[in-house]
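[1] The sequence isn't on hand, but the structure is:
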């Protein structure tokens, strides 16, 4: 089992920034990569960004490229999502998740999920 706890969500004005954190515990050695996903009301959960634990490899969905940065601290088993220049369309519940194998952008490949943290961007 891998336990994931997100933090850092909140309410911010358009153009503002937030940093989300995801702390992993348990059988973290079984994790190949970590991803961030988001789900807005009435919409499907969508991939945002992902990062491998062992090498410098990241992946982003097109709508956040240049604005969001995913990073990790292996010593703390923690993954971060720095979100800059936030837009109202970024409003969603953000989830971190762990996958034992790729591909990184596929929701169904992730087998452990956090409880989610709300991000609301006002216009």
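    On my side now, so go ahead. Everything quoted here is computed from the prediction, not taken from an experiment. Numbering: from 1, shown residues only.
[2] switch to C-alpha atoms for all contacts and neighbour counts from now on
    Fine.
[3] State the helix or strand in which the nearest residue to residue 36 once chain neighbours are set aside lies.
    Leaving out its chain neighbours, the residue that sits closest to residue 36 by C-alpha to C-alpha, 6 or more residues apart in numbering is residue 96, at 4.5 Å. In this assignment (DSSP states H and E), residue 96 forms part of strand 92-99.
[4] and residue 70, what is it in contact with?
    Applying C-alpha atoms under 8 Å, 6 or more residues apart in numbering to residue 70 gives the contacts 49, 50, 51, 58, 79, 80, 81, 82.
[5] quick one on the thing from earlier: isn't the residue nearest to residue 36 up against residue 6?
    Yes: between residue 96 and residue 6 there is a contact at 6.8 Å, judged by C-alpha atoms under 8 Å.
[6] Pull up the overlap in contacts between those two.
    With C-alpha under 8 Å, 6+ apart, residue 96 and residue 6 have common neighbours 22, 114, 116.
[7] Look up which residues are beta-bridged to residue 23.
    Beta-bridge partners for residue 23, by DSSP bridges, are residue 5, residue 78.
[8] Can you give me the neighbour number for it?
    Residue 23: 18 surrounding residues under other C-alpha atoms under 10 Å.
[9] for it, what are its contacts?
    4, 5, 6, 76, 77, 78, 79.
[10] show me what contacts the closest residue to the third one other than its chain neighbours?
    Leaving aside its sequence neighbours, residue 6 sits nearest to residue 22 (C-alpha to C-alpha, 6+ apart; 4.3 Å). Residue 22 makes contact with 4, 5, 6, 7, 78, 79, 80, 96 under the criterion C-alpha under 8 Å, 6+ apart.
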